[in-house]
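In: Compute the structure for the input listed below.
(chains A and B)
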Amino acid sequence: MTTNTPSDTNVGDSTSGAGTSQSLDFIRTVVTDDLKTGKYEGRVHTRFPPEPNGYLHIGHAKAICLNFGVARQFDGLCNLRFDDTNPTKEEMEYVESIKDNVRWLGFDWEDRCYFASDYFEQLYAYAVQLIEKGKAYVCDLSPDEIGEYRGNLTEPGRDSPHRNRSVEENLELFERMRNGDFQEGERTLRAKIDMASPNIHMRDPVIYRIQHATHHRTGDTWCIYPMYDFTHCISDSIERITHSLCTLEFEVHRPLYDWFLDELELYHPQQIEFARLNLTYTVMSKRMLAELVREKVVDGWDDPRMPTISGLRRRGYTPAAIRNFCDRVGITKYNSTTEVALLEHSVRDNLNKCAPRVMGILHPLRLVIENCPEDFVDELDAVNNPEDPSAGTRKVPFSRVLYIDEKDFNEDPPRKFHRLAPGREVRLRYGYFITCTDVVKDDDGNVTELRCTYDPETRGGSAPDGRKVKGTIHWVSAEHAVDAQVRLYDRLFNVPDPTDVDEGGTFKDHINPDSLDILEGCKVERSLGEAKHGITYQFEREGYFCLDSKESRPDRPVFNRTVALRDSWAKIEKTQQQQHKPKRGDSPK
RNA sequence: UACCCCAUGGUGUAAUGGCAGCACAUCAGGUUUUGGUCCUGACGGUCCAGGUUCGAGUCCUGGUGGGGUAGCCA
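Out: Got it, this is the predicted structure:
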């Protein structure tokens, strides 16, 4: 059987990394030009530089696909580098989850997994070099004072009173900072650039601060830690990166990136900025996602409703679906918001090609076939995947008592309803034609059971006399069915942009209270008793489902709905309902 | 208010001075043993004003609109 296991990452992949697409995005255009002019001796070397302070989300997937994709496409390399310069926020758990996510997405950093913390000693030496050159100084201003001296967006800053200390004094003070002679916040090392620069990041930025904190990798070796701007460009340089791709908010940092490398006369990669991914009906900020986790709005970073890579994986998304999505989104400098519909299309598109088909009943309605003997069991052949003949067939048991979905029966069928109704004949998928002869109800008038007859001549789903039926519905044999819990997910927020809040409001005001719907007592076909983790199945006519990696147990399977199938009947139903609604107002136009 | 960046259908993107194209979404039809898939069609766009040019979505100038930047976060 063809499956969509994680190792099967190339199923249904599009042009990513293939280098066959006609048009290049602006970054690939730069890379192509640099290759042409021999700017980096024909090398292409990128890096994906996450900070291990949270789980990766679909926006990071875009950056991963870009960095690893460019490297693959141009026969280059891509490093994984952890930007771990803030010991108070970073944890080993995040390092592991990030590695796991990148690998799962189908990318390989080979032996090049680096940590900025590995460069701390070198970084320190470069800082000393800057001091010796008269381009950095130890400043005694407090955090608040530094803020005051910095000026603001419209007013220039003022020089720190410590700006003109001697090289010797700076050297001594910086060494004492390292030795732990000072309290946190007491002193910093700052680059000596220009306090009047229109670019605030050039107003003598802090490059080292004192933090008496234990680092997840270096322990208590250091009590001073380098800042991002100083660390990132030098790390890129050390790793001989050619194109340092980052998001738009770092655009104004680029002059600083260039300044450090120029002053230190180091190998100089090129920083290029692109727009981060935004998706409708969700949030894409680590801070907000962490808040949802901390406050238990969701089940954890890998809650299937989260836009995290772990969440999407647990939900049943495939790596190929995510990669294809990232390809479709493209790379630009325009700050855009992509509709979730595109993500959903990407996963349906991929799963349609590779998901094994099965039958599962979400809202069971008992159906008895009266002309079927009690002990009759017919093993019918069912196609595993109509999109992939090599997936073969399986046996599905048919017997006297079945379950169908409540939604597939209507006692008073509306127009265009093709499913079961009193006196009506439909086809059971891969089974027989059945006709509804009677409806059994409880005291409250609820339909509790359907009585039907079947036509033994229609085995397999076609009638020898050539008669047609309009509807085909899915079903399971009651005796052979496996009980399951099914979890239906909806968007986490009920507005396209949850961050668009009223004065004093929060993004959490927009949380969709119905984002999780747990269905108990669902009936799935016998073969799902051996459902495998990591495979997303199509429950025919319903959607795509996978075993929940955390909650599912062999004796009590739990399925997550990845995404529903497109449902054109739902649309017809909706418009019919609207048409039947009496028009209100009837105001003259 | 300073500096930087950006602007093509509803959404995401392509067109590198020469026919404004693709995908998603929407709508209509066809095929179908999944109201899925697939196929066909329709709808719909270059922010504004000048300029350069035989020719401008593209180049120039000026507007307008949107975004980013004032952590000892990254």
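
In: Go ahead and confirm residue A:401 touches residue A:479.
Out: Yes - using C-beta atoms under 8 Å, residue A:401 is in contact with residue A:479, at 6.6 Å. All C-beta atoms are positioned from the backbone trio N, CA, C, and that covers glycine.

In: higher neighbour count, the two?
Out: residue A:401 (15 against 12; other C-beta atoms under 10 Å).

In: Need phi/psi at the nearest residue to the more buried one once chain neighbours are set aside.
Out: Closest residue to residue A:401 apart from its sequence neighbours, by C-beta to C-beta, 6 or more residues apart in numbering: residue A:478 at 4.1 Å. Torsion angles at residue A:478 (phi, psi; degrees, to the nearest 10) stand at phi -60, psi -40.

In: Return the distance of residue A:478 relative to RNA strand B.
Out: Distance of residue A:478 to RNA strand B, computed by C-beta to the nearest atom of the strand, to the nearest Å: 20 Å.

In: Likewise for residue A:142?
Out: Going from residue A:142 to RNA strand B by C-beta to the nearest atom of the strand gives 5 Å.

In: Next, the contact list for that residue, please.
Out: residue A:185 (C-beta atoms under 8 Å, 6 or more residues apart in numbering).

In: repeat that for 10 Å
Out: A:148, A:185, A:186, A:187, A:188 (C-beta atoms under 10 Å, 6 or more residues apart in numbering).

In: repeat for residue A:257
Out: A:201, A:229-230, A:232-234, A:236-237, A:244, A:246, A:250, A:268-271.

In: Not counting its neighbours along the chain, what's nearest whichever residue of chain A sits closest to RNA strand B?
Out: Here the residue of chain A nearest RNA strand B is residue A:461; by C-beta to the nearest atom of the strand that distance is 1.9 Å. Among residues not flanking residue A:461 along the chain, residue A:427 sits closest, at 5.2 Å (C-beta to C-beta, 6+ apart).

In: So residue A:544: helix, strand or coil?
Out: strand (DSSP: H, G, I helix; E, B strand; the rest coil).

In: If we ignore the residues flanking it in sequence, what's nearest it?
Out: Using C-beta to C-beta, 6+ apart, the closest residue to residue A:544 is residue A:562 (4.0 Å).

In: hang on, the one you found is in a strand, isn't it?
Out: Yes - under three-state DSSP, residue A:562 falls within a strand.

In: And for it, the neighbour number?
Out: Every residue meeting other C-beta under 10 Å relative to residue A:562 is counted, giving 26.

In: same question, residue A:453
Out: The number of residues packed near residue A:453 is 17, by other C-beta under 10 Å.

In: Same check on residue A:166?
Out: 10.

In: Hmm, residue A:297 is touching residue A:498, no?
Out: No - if you go by C-beta atoms under 10 Å, residue A:297 and residue A:498 don't touch, sitting 11.8 Å apart.

In: Run a quick check on residue A:247 versus residue A:49, I expect a contact.
Out: No - between residue A:247 and residue A:49 there is no contact under C-beta under 10 Å: 11.1 Å.

In: Find residues that contact each of those two.
Out: With C-beta under 10 Å, 6+ apart, residue A:247 and residue A:49 have common neighbours residue A:63.

In: So for the two, which residue has more residues nearby?
Out: Taking neighbours as other C-beta under 10 Å, residue A:247 and residue A:49 compare with residue A:49 leading, 25 against 14.

In: Find the nearest non-adjacent residue to residue A:68, please.
Out: Once flanking residues are discounted, residue A:68 sits nearest to residue A:107: 4.0 Å by C-beta to C-beta, 6+ apart.

In: Please tell me I have it right and the one you found contacts residue A:63.
Out: No - counting by C-beta under 10 Å, residue A:107 does not reach residue A:63; the two are 11.2 Å apart.

In: Now residue A:331: closest residue in space that isn't a chain neighbour?
Out: Nearest one to residue A:331, counting by C-beta to C-beta, 6+ apart, is residue A:25 at 3.9 Å.

In: Repeat that for residue A:183.
Out: residue A:210 (7.1 Å).

In: what subset of the contacts of residue A:142 is also close to RNA strand B?
Out: A:185, A:186, A:187, A:188 (C-beta under 7 Å from any atom of the strand).

In: And the helices in the stretch 151-300 of chain A?
Out: Remark: helices assigned in the stretch 151-300 of chain A by DSSP state H, counting those that start in this stretch are A:167-179, A:228-238, A:254-263, A:286-294.

In: again but with chain A, I slipped
Out: A:26-37, A:58-73, A:92-104, A:120-132, A:143-150, A:167-179, A:228-238, A:254-263, A:286-294, A:309-315, A:319-329, A:340-354, A:568-580 (DSSP state H).

In: Go through the ones you listed and name the closest to residue A:520.
Out: Closest approach to residue A:520 among these (C-beta to C-beta): helix A:309-315, 19.7 Å.

In: looking only at pLDDT, what's the mean for that closest one?
Out: The predicted model gives helix A:309-315 an average pLDDT of 98.

In: May I see the buried residues of it?
Out: The neighbour-count criterion (16 or more other C-beta atoms under 10 Å) identifies A:309, A:310, A:311, A:312, A:313, A:314, A:315 as the buried residues of helix A:309-315.

In: Mind giving me the packing neighbours of that helix?
Out: With contacts defined as 3 or more C-beta pairs under 10 Å, 6 or more residues apart in numbering; DSSP states H and E, helix A:309-315 has these neighbours: helix A:58-73, helix A:92-104, helix A:319-329, helix A:340-354, strand A:482-489, strand A:543-547, strand A:558-564.

In: list the contacts for residue A:560?
Out: A:304-305, A:314-316, A:485-489, A:536, A:544-552.

In: go again using 7 Å as the cut-off
Out: Neighbouring residues of residue A:560 by C-beta atoms under 7 Å, 6 or more residues apart in numbering: A:304, A:314, A:315, A:316, A:487, A:545, A:546, A:548.

In: Tell me which residues are up against the helix-or-strand element of chain A with minimal mean pLDDT.
Out: Here the helix or strand of chain A ranked lowest by mean pLDDT, DSSP states H and E is helix A:568-580, holding a mean of 85. Helix A:568-580 is contacted from outside by A:414, A:415, A:416, using C-beta under 7 Å, 6+ apart.

In: Counting neighbours, which of the residues you listed comes out on top?
Out: Going by other C-beta under 10 Å, residue A:414 tops the contacts of helix A:568-580 with 12 neighbours.

In: Can you give me the distance of that residue to residue A:424?
Out: Here the criterion is C-beta to C-beta, to the nearest Å. By it, residue A:414 lies 13 Å from residue A:424.

In: shared neighbours, these two?
Out: Joint contacts of residue A:414 and residue A:424 (C-beta under 7 Å, 6+ apart) do not exist.

In: Tell me what residue A:270 is bridged to.
Out: residue A:243 (DSSP bridges).

In: Per-residue confidence, it, what does it come out as?
Out: Residue A:270 is given a pLDDT of 98.

In: hang on, it packs against residue A:243?
Out: Yes - between residue A:270 and residue A:243 there is a contact under C-beta atoms under 7 Å: 5.7 Å.
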